[in-house]
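Enquirer: curious how this folds, go ahead:
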Amino acid sequence: MDNLIDLRSDTVTRPSKAMLDAMASAVTGDDVYGEDPTVNALENYTAELTKKEKALFVTSGTQGNLTAILAHCGRGDEYIAGHDAHTYKYEGGGAAVFGSVQPQPLPFNSRGEIPLDLVEQAIKPVDHHFASTKLLCLENTKAGKVLALEYLVRAREFTKKTGLGLHLDGARAFNAAVRLNVPISEITKHVDSCSLCLSKGLGAPMGSVLVGNAALIDKARKWRKMLGGGMRQAGIMAAAGLFALKNHVTGLSEDHAKAAHFSKGVRDLKAIKLQDKPQTNMVMLQASEKVLAELKSFLNEHNVLISSERLVFHRDISTESSNYLVKLFEIFDATR
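Expert: Numbering: from 1, shown residues only. Below you'll find the model as predicted:
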């Protein structure tokens, strides 16, 4: 195998020739003035897909989540998120830095859910000693696990009852929709806002789209400007996102199949086990730190990159590569 196999993340996907052609032929304007027709088309198409009033093209999933949190919350407010959620752990503390919004982390359960009874206990009373709890942030998928629609229904009912906003970090929500065999709107209809990533399994070079009601998106647009996210002739990048949404969503099932095929091939190894049967495009390994470090080094020698126990399958990994990976893991395991 001469080609590199990169399992670190689905963020490493590269634009296809057809996507590059769409970018090269994109009609552009000044998006800060609202005059880029391709950005407008992407935003309108995503709003229609998700059945939300408006959408906003942003530079990244982090910017999508941050503008959403800042639109939902004010200074001295609080959002609740999972203890290792992307919004809490991997976005540089942006909500606290830019908005003086306090995070309240709570543990995820084994299904990637934040138990709603724990959320209820964590909501601060109305008292000048405490931050005001305003928002619950969920993540779908979480480590490749899909949030059940039934859980989203209960989360929606809970937030209505408690007066909280509900935001979804939907970086891989299209993976969830494909796994559940439902339109993305069956997921987004339960939340007030959702950030959808274009640059992971969908294969665009950059960007996310934040969706929500008109008032919230208008607030988020102003925050995007303040955060330096106002873009001019952004239609070149929006064209890639639009192409991805129209052509690459159903292909996510192939990534899921490659993850399942690989996991089936390595399920009987001795030194490396699987944490769970994969639901989408992620395979989570279970092994000691020593074995994982040795595995990382061994795979690197064979043009395979991993960064942790998480292996992420994507459109740039072929079925042939998946078969090759199984053989490599068998060779490694035989030496333990």
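Enquirer: mind jotting down where the helices sit in the protein?
Expert: Assigned by DSSP state H, the chain shows helices spanning 17-24, 37-50, 61-72, 86-89, 94-99, 116-122, 149-162, 173-180, 185-188, 214-226, 235-247, 252-266, 289-301, 319-334.
Enquirer: residues near E48, how many?
Expert: Neighbour count for E48, taken as other CB atoms under 10 Å: 12. Any C-beta I mention is one placed from the backbone N, CA and C, and that applies to glycine too.
Enquirer: over to the one 3 residues further on?
Expert: Residues contacting K51 under the criterion other CB under 10 Å number 13.
Enquirer: how long is stretch 115-132 end to end?
Expert: 20 Å (CA to CA, to the nearest Å).
Enquirer: and that stretch, how far from the chain's centre?
Expert: Mean-position distance between stretch 115-132 and its chain equals 26 Å (CA atoms, centre = their mean, to the nearest Å).
Enquirer: hmm, who's touching that stretch?
Expert: With contact meaning CB atoms under 8 Å, 6 or more residues apart in numbering, stretch 115-132 is reached by 76-78, 80, 102, 104, 106-107, 109, 133, 136, 154-155, 158, 162, 164.
Enquirer: if we go to 10 Å?
Expert: 73-80, 100-109, 114, 133-134, 136, 151, 154-155, 157-159, 161-164 (CB atoms under 10 Å, 6 or more residues apart in numbering).
Enquirer: T50 touches I187, doesn't it?
Expert: Yes. The criterion here is CB atoms under 10 Å, and T50 meets it with I187 at 8.3 Å.
Enquirer: list residues touching both of those two?
Expert: Shared contacts of T50 and I187 (CB under 10 Å, 6+ apart): G170, A173, C194, L196.
Enquirer: burial measure for the first one, as a count.
Expert: Residues within reach of G170, counting by other CB under 10 Å, total 32.
Enquirer: same thing with the second one?
Expert: Other residues near A173 come to 24 when the count uses other CB under 10 Å.
Enquirer: ok, the nearest residue to E113 once chain neighbours are set aside - contacts?
Expert: Nearest residue to E113, sequence neighbours excluded (CB to CB, 6 or more residues apart in numbering): Y151, at 5.3 Å. Listed by CB under 10 Å, 6+ apart, the contact set of Y151 reads N109, R111, G112, E113, I114, P115, L116, L138, N140, H190.
Enquirer: of those residues, buried ones?
Expert: With neighbours counted by 16 or more other CB atoms under 10 Å, the contacts of Y151 contain buried members at G112, E113, I114, L116, L138, N140, H190.
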